[in-house]
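In: Quick one, fold the following:
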Amino acid sequence: MPQGDNAVIRPFRDDDRDWLVERHGTLYARDEGFDESFAPLVARILDEFVAGHDPQRERGWIVESDGRRLGSIFCVALDETTAKLRLFLLEPDARGKGLGARLLMTCMGFARSAGYTSMVLWTHESHRAACKLYRAHGWRLTDSKPVHSFGVDLIEQSWSIRL
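Out: Modelled structure (predicted):
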């Protein structure tokens, strides 16, 4: 069982890509019923990040404990003043230990220091713990609508925050 106090947040490396694709695909299929179209989307997002991100304005992080990867978060440019939070994931046994808050604060702190004045994210209503975390850190729900994505019916949400 990973402990939150000995976990470290480090920069994303290219060799994290396959792990992130697999964990997103596995966890979302198991927990949300997502079909096989989800993992390729994660792979495309990561491939685009690896191939062309601006390291001054876009970064990814991995949280790990004793060499075991436990989660991720990414900050990418939406436009000149707005950052987009992406690929926020925590392994189920790493949840409830403060690691999600640490990742979120790392991402938001970077966005501020990179000169963004706001951030946005897209998620699903079923991610209740993540939504609670966003709200606790000042994010506002800006849109909510039913969609059919990845083979399931979902309530898609958009959130934003002024930095």
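In: for the chain, what spans make up the helices?
Out: Using DSSP state H, the helices assigned to the chain run over residues 17-32, 38-52, 99-113, 128-136.
In: could those go into a markdown table alongside mean neighbour count?
Out: From N, CA and C alone the C-beta is placed, and that goes for glycine too. Output for these, formatted as a markdown table (neighbours: other C-beta atoms under 10 Å):
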| stretch | mean neighbour count |
| --- | --- |
| helix 17-32 | 16 |
| helix 38-52 | 15 |
| helix 99-113 | 18 |
| helix 128-136 | 14 |
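In: out of those, nearest to residue 75?
Out: helix 99-113 (4.9 Å; C-beta to C-beta).
In: picking up where we left off before, any chance of the helices of the chain in JSON lines, with distance to residue 9 too?
Out: Formatted as JSON lines, these follow (distance: least, C-beta to C-beta, whole Å):
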{"stretch": "helix 17-32", "distance to residue 9": "15"}
{"stretch": "helix 38-52", "distance to residue 9": "17"}
{"stretch": "helix 99-113", "distance to residue 9": "5"}
{"stretch": "helix 128-136", "distance to residue 9": "15"}
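In: TSV for those helices, including distance to residue 6 and mean pLDDT?
Out: Listed next are the helices of the chain as TSV, based on distance: least, C-beta to C-beta, whole Å; pLDDT from 0 to 100:
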stretch	distance to residue 6	mean pLDDT
helix 17-32	20	94
helix 38-52	27	95
helix 99-113	11	97
helix 128-136	21	91
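In: Thank you kindly, that will do.
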